[in-house]
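> Below are the sequence and a predicted model; questions follow.
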2 protein chains.
Amino acid sequence: MPDTDEPAAEDMDLGAIFAALADRHRRTVVLTLLAEPDGTERHCSSFGLPVSKATLTHHFRVLRQAGLIHQVNRGNSNMAQLRRSDLERHFPALIALLRTEI
Amino acid sequence: MPDTDEPAAEDMDLGAIFAALADRHRRTVVLTLLAEPDGTERHCSSFGLPVSKATLTHHFRVLRQAGLIHQVNRGNSNMAQLRRSDLERHFPALIALLRTEI
DNA sequence: CGTCAGGTACGATGCAAACCGTACCTTGAG
DNA sequence: CTCAAGGTACGGTTTGCATCGTACCTGACG
């Protein structure tokens, strides 16, 4: 993988964001992170998605490339973090919209 | 087609909405309607989408089934209307989010 | 050091979506 | 009535996505 394939905040594309959030599993990830305090890091395999490891990697890559999450490599595990401040700055209504599904 | 396949306002699904808006052509339709006054009806073929008639029908069906637009059969033409009040009631942040792309 | 767990890369598969041409229906206009 | 224009339905193709198994890499831990 390229060292980082997360887009800069100003390069985020609404099309990619909609496509990422159209999938139920990926929406679950974002909603789960949204329900926790800002800055929370979560283990990628802690979301309980009923898919294989390979598919997990795929879903997190889509979320990352859409700019929704940030991934931190902590030794041997991979923590996911919502890019909350970037999202609030560029798409202030997105978080409010997602909250309507909780 | 069933007489109406538009979901009731309370049956709208955020997943379907995201999926519908992930497509650039469908987003163009919604953004165009959004730029006009509430209640504006627009001819389905007036959006300048570079696709065939058959594909046009497909895209408008997706928008309709997601609950984003309402279609009125006027004689032998077919007018599209944004379901603005339903959207504002159930997903108040959606319209604000879409406006960030204009 | 050996081993196991967490991740990624790669290749394959199955399904859904976008797209088109064609045929057909309806209706407003002439 | 006739006909062209707007739409839909249907069948087909192609592309993309979700999914998986497998192989491999890398740290943590005994």
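Yes, it's here.
> Just the buried residues of the helix or strand harbouring A:Asn78, please?
In this assignment (DSSP states H and E), A:Asn78 forms part of strand A:77-82. The neighbour-count check on strand A:77-82 (16 or more other CB atoms under 10 Å in any protein chain shown) flags A:78-80, A:82 as buried. The C-beta positions use only the backbone N, C-alpha and C, and glycine is treated the same way.
> Take those residues and lay them out in a markdown table including distance to A:Glu41 and pLDDT.
Below are the buried residues of strand A:77-82 laid out as a markdown table (distance: CB to CB, whole Å; pLDDT from 0 to 100):
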| residue | distance to A:Glu41 | pLDDT |
| --- | --- | --- |
| A:Asn78 | 10 | 95 |
| A:Met79 | 4 | 97 |
| A:Ala80 | 7 | 98 |
| A:Leu82 | 10 | 98 |
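> follow-up on the earlier one: check whether the strand holding A:Asn78 contacts DNA strand C.
Yes: remark: strand A:77-82 sits within contact range of DNA strand C at A:77-79, by CB under 7 Å from any atom of the strand.
> could you give me the average pLDDT of the host helix or strand of A:Ala54?
Using DSSP H and E, A:Ala54 sits within helix A:53-66. For helix A:53-66, mean pLDDT is 98.
> Using CSV, write down the CA coordinates of the helix or strand just after it.
The first helix or strand that comes after helix A:53-66 along the chain, using DSSP H and E, is strand A:69-74. As requested, the backbone C-alpha atoms of strand A:69-74 are provided in CSV (Å, rounded to 0.1, in the frame of the first residue of the first chain):
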residue,chain,number,x,y,z
ILE,A,69,-11.1,7.6,8.5
HIS,A,70,-7.5,7.8,9.4
GLN,A,71,-5.5,4.6,9.9
VAL,A,72,-2.6,4.4,12.3
ASN,A,73,-0.2,1.5,12.3
ARG,A,74,0.5,0.6,15.8
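> Need the residue closest to the centroid of chain A.
A:Ile69 (3.3 Å; CA atoms, centre = their mean).
> Quick one: name the residues of chain A near DNA strand C.
Counting by CB under 7 Å from any atom of the strand, the positions of chain A adjacent to DNA strand C are A:1, A:43-45, A:53-54, A:56-57, A:60-61, A:71, A:76-79.
> Filter those residues down to just the buried residues.
Neighbour-count burial within the residues of chain A next to DNA strand C applies to A:44, A:56, A:60, A:71, A:78-79; the criterion is 16+ other CB under 10 Å.
> check contacts around A:Val30.
A:21, A:63, A:68-69, A:82, A:98 (CB atoms under 8 Å, 6 or more residues apart in numbering or on different chains).
> let's see it at 7 Å
A:Val30 sits next to A:21, A:68, A:82, A:98 when contact means CB atoms under 7 Å, 6 or more residues apart in numbering or on different chains.
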